[in-house]
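> have a look; sequence and predicted model below, questions after that.
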Amino acid sequence: MRAQTEAIMSPSKDLHDLPPWWKKIDQNPDWQEFSFIGLAIAYGLIATVALVQLLRIQRRVPEYGWTTQKVFHLLNAFVCALRCIVFAMRERVQHLHPLAAQAVLLDLPGLLFFSTYTLLVLFWAEIYHQARSLPTGALRPTFIAFNTVVYAIQISLWVYTGMHGAAAQSHDYQLARAASCIFLAVVSVAAAGGFLLYGGRLFIMLRRFPIESRGRRKKLREVGCVTAICATCFAVRALIVAWSALDRKDADLDVLNHPLLNIVYYASVELVPSALVLYILRKLPPRRSTQGYQQIPVR
């Protein structure tokens, strides 16, 4: 069984055939240092934008409680702030012990990112079910149960890492990290499928809506763009982390000497999608209006 596991984790020769210029960048100490500083700055900017937007929404509609829109921006700010701190202290995190603590700091923001954006799927599912006069009572329990299972499995992987991962190069630690990557890939595929399912349903429903209006066209573009962006980013995340699970030498995202891969990965699956979605969803809710902005409380 151990031999089979090592065979799976051992990359083929083709996966090692990275371009020479890529390897040269990976070996450059300046790239290794400043790439993570750049990522920390970028995440800090996104966190600031999300927090400012949350404050603007609160000032506009203080009479509402914690709506889905507010929770989304709060989680967005928290995820990006956490990533900012981790990347700003990336070298210290790399040498952090126990290794389970390092794994938590590297994995937790990705899970929170998943929960943040699948909250949009839940919101769209509730709108779609209400518009179709379908029952909505099971949607939130399903969302909570699915997230609970995801976090429970990931916590079990962290516990395994803490119990068996004595060294970063040990077989047990590498096995746990590969398992975490495969699990994140599966979760990302599920998130992409959720966006395609309910984003696509809502988009089609809006297109078939009989009344033509400027608001309908804007909402149609909003749903279509957010669906395309989020489904793509989670699909790309699934591909890259699956590659990382199979090729721990050249595609390991948890090391300092892969700066270019880290820039490509985090920019394509979190930074750029977050910036685009925040821009698309920048419109504030109408002041003191119960139409067009219905509170969906988070319980």
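Looks like it arrived, so ask away.
> quick check: residue 186 vs residue 153, distance?
According to C-beta to C-beta, to the nearest Å, residue 186 and residue 153 sit 10 Å apart. Backbone N, C-alpha and C define where each C-beta goes, glycine included.
> do the same with residue 222
For residue 222, the distance to residue 153 equals 33 Å [C-beta to C-beta].
> swap in residue 256?
Taking C-beta to C-beta, one finds residue 256 at 27 Å from residue 153.
> these two: which has the busier surroundings?
Neighbour count, other C-beta atoms under 10 Å: between residue 256 and residue 153, residue 256 has more, with 17 against 14.
> which ones are touching the more buried one?
Applying C-beta atoms under 8 Å, 6 or more residues apart in numbering, one finds that residue 256 lies in contact with 32, 36, 90-91, 94.
> what does residue 70 give?
Residue 70 makes contacts with 54, 57-58, 64, as judged by C-beta under 8 Å, 6+ apart.
> now the residue most central in space within the chain. Nearest residue, chain neighbours left out?
Here the mean C-alpha position of the chain is nearest to the C-alpha of residue 113 (C-alpha atoms, centre = their mean), at a distance of 3.4 Å. Spatially, and ignoring its direct neighbours in sequence, residue 113 is nearest to residue 79 (5.1 Å; C-beta to C-beta, 6 or more residues apart in numbering).
> from residue 225, how far off is the one you found?
21 Å.
> for this protein, just list every one of the helices.
Under the criterion DSSP state H, the chain contains helices at 2-9, 20-26, 29-60, 68-88, 90-94, 99-131, 139-164, 171-194, 200-207, 214-246, 259-266, 272-280.
> wait, which of those is closest to residue 286?
helix 29-60 (8.3 Å; C-beta to C-beta).
> tell me how far the closest one lies from the chain's centre.
Mean-position distance between helix 29-60 and its chain equals 15 Å (C-alpha atoms, centre = their mean, to the nearest Å).
> give me the angle between it and helix 68-88.
Helix 29-60 and helix 68-88 are oriented at 160 degrees to each other (axes from the mean of the first three to the mean of the last three C-alpha atoms, to 10 degrees).
> please identify the buried residues of helix 29-60?
For helix 29-60, the neighbour count (16 or more other C-beta atoms under 10 Å) marks 31-32, 35-36, 39-40, 42-44, 46-47, 49-51, 53-54, 57 as buried.
> and that helix, what other elements does it pack with?
Judged by 3 or more C-beta pairs under 8 Å, 6 or more residues apart in numbering; DSSP states H and E, helix 29-60 is in contact with helix 68-88, helix 90-94, helix 259-266, helix 272-280.
> by how many degrees do the first one and helix 99-131 diverge?
Taking the same axes, to 10 degrees, one finds helix 68-88 and helix 99-131 inclined to each other by 160 degrees.
> do the last one as well
Between helix 272-280 and helix 99-131, the angle formed by their directions is 40 degrees, by the same axes, to 10 degrees.
> with just CA atoms, put helix 272-280 into CSV.
Output in CSV follows, covering the C-alpha atoms of helix 272-280 (Å, rounded to 0.1, in the frame of the first residue of the first chain):
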residue,chain,number,x,y,z
VAL,A,272,-8.7,38.6,-9.7
PRO,A,273,-12.0,36.8,-9.1
SER,A,274,-12.5,38.7,-5.8
ALA,A,275,-11.7,42.0,-7.3
LEU,A,276,-14.1,41.4,-10.3
VAL,A,277,-16.9,40.2,-8.1
LEU,A,278,-16.6,43.1,-5.7
TYR,A,279,-16.7,45.5,-8.6
ILE,A,280,-19.7,43.8,-10.2
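> so who does the spatially closest residue to residue 160 that is not a sequence neighbour touch?
Distance criterion C-beta to C-beta, 6+ apart; nearest residue to residue 160, sequence neighbours excluded, is residue 176 at 5.2 Å. Applying C-beta under 8 Å, 6+ apart, one finds that residue 176 lies in contact with 103, 157, 160-161, 164-165.
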